[in-house]
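J.: Turn this into a structure:
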Amino acid sequence: MAKKPVLVVMAAGMGSRYGGLKQIDPVGSQGEAILDYSLYDAHEAGFETAVIIIKKAIQKDFMETVGQRLKKCPMEIRYAYQELEKVPAGFVIPRERQKPWGTSHAVLCAREEIDGAPFAVINSDDYYGKSAFKVIYDYLCSAQDTQVKDYCMVGYLLGNTVTDNGSVARGVCQVGADGNLSDIVERTKIEKYAGGIHFTEDDGASWEDLTGDTIVSMNMWGFTPSFLDALQDRFPEFLQEQVPGNPLKAEYLLPRTVDAMLKAGQATVKVLKSADRWYGVTYAADKPMVVAALASLREQGKYPDGLWK
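T.: As a prediction, this is how the structure comes out:
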């Protein structure tokens, strides 16, 4: 019997723009973090197991807050650890490097805990909405790899995912007539401005507009176990080609790995749609909006006052 889909939560980020550990920052009425709401929605959708990726440096704070609450969560909770030293033998980590190796590396670090199951990947600090978890769970239950790998993602409208408080990074997507992802480009500095939304790739020397209905990735991906082999195979190439030119900040990112597989004809990615609005806390100033949105959802009866009882 095929294994049931597993939820993988990336919570090892350092929160440099947020100014703290947003993975554990309370936004719910009983001190819940966004992560609690994601796990609640995932369990409702059918997920029974979650793998949470953290760093050893935040383990104590995480376990004393989120970890304590999740002892009441009906899901099986497993932990994986993303650390800089988890690199191929012989690679020398650049001196003064502190930033994690990126989202592709994070997922690779969870390989043992994923244990051969199909899996969805999310960020810990993004609120994705209930329908997103349902559509990705259902897709993974029937995903079948042939010679071309069968993956998926949940797409969001860019206009619903930008903040008034600074720039954001998003995977900008092109979707074919068949509903499959045809191209994805990671734009690391997208901002609102008086005339709309634009991005820069040269630290503001020039800007290019994007429309609010552009489909973007919020790192909600669905993969069969084969993706872990692809991550493993491509990691040395990233270290050899990308790190020397940017030793302190180069990142092995999920959108770029997926895009490379698309261009090589190794995978297809079905773009799933969610009617729910995304909320996130890229910056500390984003928090009041998220708190208010979740309070409104509780008032509508979509969440109880206290998730884990």
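J.: just checking, what packs against the lowest-mean-pLDDT helix or strand in the chain?
T.: Of all the helices and strands that make up the chain, strand 279-280 has the lowest average by mean pLDDT, DSSP states H and E, namely a mean of 85. Judged by 3 or more C-beta pairs under 8 Å, 6 or more residues apart in numbering; DSSP states H and E, the packing partners of strand 279-280 are strand 126-127, helix 287-299. For the C-beta atoms, the positions are set from N, CA and C on the backbone; glycine is no exception.
J.: Can you list the buried residues in the last one?
T.: Within helix 287-299, the residues that qualify as buried by neighbour count (16 or more other C-beta atoms under 10 Å) are 287, 289, 290, 291, 294, 297, 298.
J.: Which parts of the stretch 51-200 of the chain are helices?
T.: Per DSSP state H, counting those that start in this stretch, the stretch 51-200 of the chain carries helices over the ranges 59-62, 68-69, 103-109, 111-114, 130-142.
J.: tell me the most buried of those helices?
T.: For the helices of the stretch 51-200 of the chain, ranked by mean neighbour count under the definition mean count of other C-beta atoms under 10 Å, the leader is helix 103-109 at a mean of 25.
J.: then it to CSV, C-alphas only?
T.: Only the C-alpha atoms of helix 103-109 are listed here, as CSV (Å, rounded to 0.1, in the frame of the first residue of the first chain):
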residue,chain,number,x,y,z
THR,A,103,14.8,25.8,0.8
SER,A,104,16.0,22.9,-1.4
HIS,A,105,18.6,22.1,1.2
ALA,A,106,16.0,22.3,4.0
VAL,A,107,13.9,19.7,2.3
LEU,A,108,16.9,17.5,1.6
CYS,A,109,17.7,17.6,5.3
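J.: that older thread, the helices and strands packed on strand 279-280: which one's closest to residue 217?
T.: Nearest to residue 217, of all the helices and strands packed on strand 279-280, is strand 126-127, at 11.0 Å by C-beta to C-beta.
J.: Show me the shaky parts of this structure.
T.: For the chain, the stretches with pLDDT under 70 are 1, 14-22.
J.: and the longest helix for it?
T.: Among the segments of the chain that qualify as a helix by DSSP state H, the longest is helix 226-241.
J.: So which elements touch that one?
T.: Applying 3+ C-beta pairs under 8 Å, 6+ apart, we find helix 226-241 packed against helix 103-109, helix 111-114, strand 149-157, helix 254-263.
J.: how does it look with 10 Å?
T.: Packing partners of helix 226-241 (3 or more C-beta pairs under 10 Å, 6 or more residues apart in numbering; DSSP states H and E): helix 103-109, helix 111-114, strand 119-123, strand 149-157, strand 215-223, helix 254-263, strand 267-273.
J.: How many residues are close by residue 144?
T.: 8 (other C-beta atoms under 10 Å).
J.: residue contacts, the nearest residue to it once chain neighbours are set aside?
T.: Distances taken as C-beta to C-beta, 6 or more residues apart in numbering put residue 150 closest to residue 144, at 5.7 Å, once the chain neighbours are dropped. Contact analysis of residue 150 by C-beta atoms under 10 Å, 6 or more residues apart in numbering lists 118, 139-140, 142-144, 222-224, 226, 267-270.
J.: By neighbours, which of those residues wins?
T.: residue 223 (29 neighbours).
J.: Quick check: it vs residue 107, distance?
T.: Distance, residue 223 to residue 107, by C-beta to C-beta, to the nearest Å: 8 Å.
J.: Show me the strands paired with the longest strand belonging to the chain, marking each as parallel or antiparallel.
T.: Longest strand of the chain, by residue count under DSSP state E: strand 181-193. According to DSSP bridges, strand 181-193 forms sheet pairs with strand 168-175 (antiparallel), strand 196-199 (antiparallel).
J.: Could you identify which of those strands is most buried?
T.: Stretch with highest mean neighbour count among the strands paired with strand 181-193: strand 168-175 (a mean of 20; mean count of other C-beta under 10 Å).
J.: Could you pull up the residues touching residue 244?
T.: Residues near residue 244 by C-beta under 10 Å, 6+ apart: 94, 250.
J.: what sits against the closest residue in space to residue 130 that isn't next to it in sequence?
T.: Among residues not flanking residue 130 along the chain, residue 41 sits closest, at 4.8 Å (C-beta to C-beta, 6+ apart). Residues in contact with residue 41 (C-beta under 10 Å, 6+ apart) are 7, 47, 122, 127-134, 276, 302-303, 307.
J.: Now for these: which two are most distant?
T.: 7 and 302 (19.2 Å).
J.: between those two, which one's more packed in?
T.: Set residue 7 next to residue 302 and count neighbours by other C-beta under 10 Å: residue 7 wins out with 26 against 13.
J.: Nearest to residue 178 among the contacts of residue 41?
T.: residue 132 (20.9 Å).
J.: my guess is the closest one meets residue 219, correct?
T.: No - assessed by C-beta atoms under 10 Å, residue 132 is found out of contact with residue 219, at 11.7 Å.
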